[in-house]
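A.B. asks: model this:
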Amino acid sequence: MADDPEARRVTELLDRLTRGELGEAEAEELELYAQSDPELRAVIAARTSQAALGGGWLARVEADHRIARAERSPRVMFERGLGGVLVALGLVASVVAPVLGPGLAAFGLAVLAYSWIRVNHRQDPYKDIQR
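C.D. replies: Numbering: from 1, shown residues only. Sure, this is the predicted structure:
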């Protein structure tokens, strides 16, 4: 069922309905899917009431989950691991080579800062909020 393109599309439309992002054309498309499926009609009714109940809260929670997923991505884990290793090596090297050590530690901190800013700025759900 996960490989069925229609089932994936219906799931995507239901998710957009729950988040309150469903456009008019997509609502009509979902209605076409629901014409022959009474179970889907019940799911649509439940999701509509869930969307009315949750309002914008669900979108903010999903945005927080996107940040958490981005934090666990292989690229971010590699960047942060590399930055941590560079900081540790810089601290150890500062005892042996006082000129090389602090530079290596500073570079490791820069890698960590870049990784954190890149992930959190791109995924931040609140960056576009205007007061």
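A.B. asks: Residue ranges of each domain in this protein, please.
C.D. replies: 5-55, 64-123 (automatic domain parsing).
A.B. asks: next structured bit after the helix or strand of the chain with the lowest mean pLDDT?
C.D. replies: When each helix and strand of the chain is scored by mean pLDDT, DSSP states H and E, helix 57-71 comes last, with a mean of 77. For helix 57-71, the succeeding helix or strand toward the C-terminus, using DSSP states H and E, is helix 74-96.
A.B. asks: Return the angle between stretch directions for that next one and helix 57-71.
C.D. replies: Relative orientation of helix 74-96 and helix 57-71, computed by axes from the mean of the first three to the mean of the last three CA atoms, to 10 degrees: 50 degrees.
A.B. asks: Which strand or helix spans residue 118?
C.D. replies: Going by DSSP H and E, residue 118 is in helix 100-123.
A.B. asks: Next, count neighbours for the closest residue to residue 92 other than its chain neighbours.
C.D. replies: Among residues not flanking residue 92 along the chain, residue 101 sits closest, at 7.4 Å (CB to CB, 6 or more residues apart in numbering). Glycine gets a C-beta too; all of them are placed from N, C-alpha and C. As a burial measure, residue 101 scores 17 neighbours (other CB atoms under 10 Å).
A.B. asks: who's in contact with residue 101?
C.D. replies: For residue 101, the contacting residues are 90, 91, 92, 93, 94, 95, by CB atoms under 8 Å, 6 or more residues apart in numbering.
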